[in-house]
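Q: Model the structure of this input:
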Amino acid sequence: MVTINEILSRRVTNIIPSKEKLQKLLQSKKKLNVYLGIDPTATRIHIGHAVALRKMQEFVDLGHNVTFLIGDFTALIGDTSDKDTERPVLTYQKIRENFKNYKKQASKILDFSKVKVKFNSSWLKKLKFAEIIKLCQEFSFGDFAGRELIKKRLNDKKRVGLHEALYPVMQGYDSYILDTDIQIGGADQTFNMQAGRTLLQNLKNKDSFVLVTGYLTGTDGRKMSKSWGNAIWLSDSADEMYGKVMSIPDEIIIEYFENVTNTSELKIKNIAKALKSGVNPMELKKELAFEITSQFYSKRVATKTRNTFEKSFKEKDPEYSLEIKTMKTLVETIAPYTSLKSLSDAKRLIIQGAIKINGDTVTDLNYKIKKGDRVKIGKRTFGTLI
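A: Next up, the predicted model:
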């Protein structure tokens with residue numbers, strides 16, 4: 001069972017207004033209203049999102065009232081908290097399509113038998129214009145315009161849609177309707193979550209808390225993002241997941257143990273000591289990859305995946321062949337084995353010099369694969385044309 005101390009420290013970068021006040025509230029044994037909101041602007045969830053989902057499950061384990069909120073209405077506006085341009089406006093149809101796989105993926109972390117699922121369109125679309133105006137009166141436009149990325153866009157003479165200023169108001173209203181005690185979200189959501197605190201304080205005279213989870217670094221050392229192709233997806237196959245973890249930079253091994261696994265804090269400290277003492281990082285990555293794959297699949301599957309990895313990558317002995325016709329170009333050949341499984345993703349990898357054939361880097365998109373060619377995609381995928 002997770003402890004209060006672990007809830008307030010592990011995977012947490014900030015608590016507003018303070019850790020001490022939230023600790024006191026949790027120790028009171030009061031059943032709290034906790035929620036995490038996700039706008040279904042994409043079809044997949046990566047393990048960076050899973051950091052907040054795992055925090056959410058900890059509150060489930062302690063018996064609190066936990067809500068998984070689907071921002072089907074706020075997704076119509078588009079949150080630009082971590083973007084330097086406007087988001088494209090989505091239709092309800094597209095939002096519904098994106099949500100189809102969300103619950104299935106999140107179920108790998110959240111016990112939905114103990115979690116409420118709600119859609120914020122059920123209350124936001126009922127708001128009358130006069131009510132929206134009243135809500136807006138609780139906020140300053142200067143605060144919104146002063147946000148770092150918004151300020152940068154304004155300074156760069158880029159368009160900032162007036163509707164974007166309404167996003168924090170709408171998210172704040174979510175928190176108000178749910179009578180929130182604790183809202184969970186990433187650091188980029190801090191401003192929006194603070195809007196919820198403002199409405200609860202001003203309209204209900206209630207103090208609430210914002211629990212901020214950290215970013216997870218992607219496989220290339222940057223923040224994990226679907227836009228940069230550096231994500232480990234919950235929908236990845238066990239082989240893909242294991243292989244991607246093995247490809248992360250050595251310096252973020254501990255970060256992954258802390259944020260993605262349930263490994264005890266004591267063991268993580270010992271792993272950190274081992275890393276500093278000169279233990280081969282590859283061995284620690286194997287342990288990490290096995291732990292992560294076990295959590296999202298099973299130990300049996302993880303064991304099989306580990307054995308496949310050892311054979312296919314350590315021994316450089318491909319377990320499979322690329323069953324393709326000799327007339328196909330390099331782009332067409334590798335597309336099915338890329339993270340996005342698309343021609344555009346394949347082209348990007350080739351241009352970046354991530355593809356080797358018979359040991360040589362190839363950048364020619366129209367290179368014709370020949371029988372017997374050995375293909376290497378990044379650090380993970382090997383194959384021989386038969």
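Q: wait, doesn't residue 55 sit right on residue 184?
A: Yes. Between residue 55 and residue 184 there is a contact under Cβ atoms under 8 Å: 5.5 Å. Heads up, the C-betas are built off the backbone N, CA and C, glycines and all.
Q: which neighbours do those two share?
A: Taking Cβ atoms under 8 Å, 6 or more residues apart in numbering as the criterion, residue 55 and residue 184 both touch 36, 211, 213.
Q: The last one bridge partners, please.
A: Here residue 213 sits in beta bridges with residue 12, residue 186, as judged by DSSP bridges.
Q: Test my guess that it contacts residue 53.
A: No. The pair residue 213 and residue 53 does not pass the contact test of Cβ under 8 Å, sitting 9.4 Å apart.
Q: what about these two, which has more around it?
A: Taking other Cβ atoms under 10 Å, residue 213 and residue 53 do not tie; residue 213 has more neighbours (26 against 22).
Q: show me what contacts that one?
A: Counting by Cβ under 8 Å, 6+ apart, residue 213 makes contact with 11-13, 51-52, 55, 184-187.
Q: what do you get for residue 169?
A: If you count contacts by Cβ under 8 Å, 6+ apart, residue 169 has them with 132, 135-136, 139, 195.
Q: and the next element down the chain from the helix or strand that residue 302 is a member of?
A: Following DSSP states H and E, one finds residue 302 within helix 299-309. Once helix 299-309 ends, the next helix or strand along the chain (criterion: DSSP H and E) is helix 330-334.
Q: packing partners for the next helix or strand after that next one?
A: Using DSSP H and E, the next helix or strand after helix 330-334 towards the C-terminus is helix 343-351. In terms of contacts (3 or more Cβ pairs under 8 Å, 6 or more residues apart in numbering; DSSP states H and E), helix 343-351 is packed against helix 330-334.
Q: Need the residues that contact the helix it packs on.
A: The contact list for helix 330-334 (Cβ under 8 Å, 6+ apart) reads 322, 324, 343, 346-347, 349-350, 355, 357, 362, 364-369, 375, 377, 381, 385.
Q: So what's the gap between that helix and the chain middle?
A: 28 Å (Cα atoms, centre = their mean, to the nearest Å).
Q: I'd like the mean pLDDT over stretch 229-245, please.
A: Mean pLDDT, stretch 229-245: 90.
Q: And for stretch 2-15?
A: Rounded mean pLDDT across stretch 2-15 is 90.
Q: and that stretch, which residues are buried?
A: Buried residues in stretch 2-15, counted by 16 or more other Cβ atoms under 10 Å: 2, 7, 10-12, 15.
Q: Distance from that stretch to the middle of the chain?
A: 19 Å.
Q: what does stretch 5-21 give?
A: Centroid displacement of stretch 5-21 relative to its chain, using Cα atoms, centre = their mean, is 20 Å.
Q: now swap in stretch 255-275 and tell me
A: In terms of Cα atoms, centre = their mean, the centre of stretch 255-275 is set 20 Å apart from its chain centre.
Q: hmm, who's touching it?
A: For stretch 255-275, the surrounding residues in contact (Cβ under 8 Å, 6+ apart) are 6, 10-11, 47, 50-51, 214, 216-217, 245, 248, 250, 253-254, 281, 284, 287-288, 291-292, 295.
Q: Domain parsing of this structure, as residue ranges.
A: Listed by automatic domain parsing, the domain ranges of the chain are 4-213, 238-314, 330-384.
Q: looking only at pLDDT, what's the mean for the shortest one?
A: Predicted confidence along domain 330-384 averages 76 (mean pLDDT).
Q: What of stretch 181-194?
A: For stretch 181-194, mean pLDDT rounds to 93.
Q: Also stretch 25-38?
A: Averaging pLDDT along stretch 25-38 gives 94.
Q: got the CA coordinates for it in PDB?
A: The C-alpha trace of stretch 25-38 is given here as PDB (Å, rounded to 0.1, in the frame of the first residue of the first chain):
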ATOM      1  CA  LEU A  25      -5.500  17.100   4.900                       C
ATOM      2  CA  LEU A  26      -4.500  13.500   3.900                       C
ATOM      3  CA  GLN A  27      -3.800  12.600   7.500                       C
ATOM      4  CA  SER A  28      -7.300  13.700   8.400                       C
ATOM      5  CA  LYS A  29      -8.700  10.500   6.700                       C
ATOM      6  CA  LYS A  30     -11.300  12.600   4.900                       C
ATOM      7  CA  LYS A  31     -12.400  11.200   1.500                       C
ATOM      8  CA  LEU A  32     -11.100  13.700  -1.100                       C
ATOM      9  CA  ASN A  33     -12.300  14.500  -4.600                       C
ATOM     10  CA  VAL A  34      -9.300  14.000  -6.900                       C
ATOM     11  CA  TYR A  35      -9.300  14.300 -10.600                       C
ATOM     12  CA  LEU A  36      -7.000  14.200 -13.700                       C
ATOM     13  CA  GLY A  37      -8.200  15.700 -17.000                       C
ATOM     14  CA  ILE A  38      -7.000  14.700 -20.400                       C
END
